[in-house]
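Participant: Based on what follows, work out the 3D shape:
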Amino acid sequence: MATVNPVPEGYHTITPYISVKGGEAAIDFYKNAFGAVELFRMPGPDGKGIGHAELQIGNSRLMLADEFPDLKFFSPATLNGSAVMLHLYVDDSDAWFDRAVKAGAKVTRPIEDQFYGDRGGAIEDPFGHSWYISTHVRDVSPEEMAEGAAKREQERKGGG
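Facilitator: Sure, this is the predicted structure:
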């Protein structure tokens with residue numbers, strides 16, 4: 001009897017599964033914004049919309065479906081926001097960020113060099129999901145990170 005890998009080939013231990021209103025449009029957005037490759041699509045129970053879809057972005061999978069309120073699977077549009085941010089590490093954060101904005105994402109935090117060694121910024125996609133797009137540009141010691149965080153906090157309070 002063949003053994004089955006408990007984590008299917010191509011997946012990581014954690015795989016985001018997001019709810020959207022307008023699954024077909026969301027798939028198109030992720031293709032345009034992030035170069036996603038559609039791996040699988042299943043229609044909703046009524047034959048309409050997206051019941052389940054899987055996309056590949058870089059080396060990671062993203063699952064999505066139209067919302068199912070009866071299963072308590074709500075989109076950010078219904079919840080009036082999202083409690084989760086998806087972090088996307090890429091080779092050129094500026095290019096990926098610009099492409100997402102051109103595809104229709106809204107900038108929520110401009111892209112810039114960060115004290116913790118990444119160059120990154122945040123966007124909200126047209127379906128209400130928050131994404132942080134970054135490239136790791138330098139290694140930072142825990143001490144440097146603590147100093148950078150303290151300096152940023154002081155600047156936020158107006159003492160910078």
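
Participant: average model confidence for the top helix by length along the chain?
Facilitator: Counting residues, the longest helix found in the chain (DSSP state H) is helix 142-156. Mean pLDDT, helix 142-156: 91.

Participant: again, but for stretch 90-109
Facilitator: For stretch 90-109, mean pLDDT is 98.

Participant: where does this protein have low pLDDT?
Facilitator: Along the chain, the parts satisfying pLDDT under 70 run over 159-160.

Participant: Closest to the centroid, which residue in it?
Facilitator: In the chain, the C-alpha nearest the mean C-alpha coordinate belongs to L86, at 3.2 Å (Cα atoms, centre = their mean).

Participant: Just give the nearest non-adjacent residue to that one, would you?
Facilitator: Leaving out its chain neighbours, the residue that sits closest to L86 by Cβ to Cβ, 6 or more residues apart in numbering is W131, at 5.0 Å. (C-beta placed from N, C-alpha, C; glycine too.)

Participant: partner residues bridging that neighbour?
Facilitator: On the basis of DSSP bridges, W131 is bridged to L86, I123.

Participant: G120 is in contact with that one, correct?
Facilitator: No - taking contacts as Cβ atoms under 8 Å, W131 lies outside contact range of G120: 10.1 Å.

Participant: So these two - more neighbours on which side?
Facilitator: Taking neighbours as other Cβ atoms under 10 Å, W131 and G120 compare with G120 leading, 25 against 21.

Participant: what's the closest non-adjacent residue to that one?
Facilitator: With sequence-adjacent residues excluded and distances taken as Cβ to Cβ, 6+ apart, G120 is closest to S134, at 2.8 Å.

Participant: Can you give me the buried ones in the host helix or strand of the one you found?
Facilitator: Assigned by DSSP states H and E, S134 belongs to strand 130-136. Neighbour-count burial for strand 130-136 flags S130, W131, Y132, I133, S134, T135 (criterion: 16 or more other Cβ atoms under 10 Å).

Participant: where's the second one relative to R99, distance?
Facilitator: According to Cβ to Cβ, to the nearest Å, W131 stands 12 Å off from R99.

Participant: And the contacts of stretch 80-90?
Facilitator: Stretch 80-90 has contacts (Cβ atoms under 8 Å, 6 or more residues apart in numbering) with 16, 18, 34, 57-58, 62, 76, 96, 122, 128-136.

Participant: buried set for the longest helix of the chain?
Facilitator: Per 16+ other Cβ under 10 Å, helix 142-156 contains no buried residues.

Participant: got it, and stretch 47-63?
Facilitator: G49, I50, G51, A53, E54, L55, I57, S60, R61, L62.
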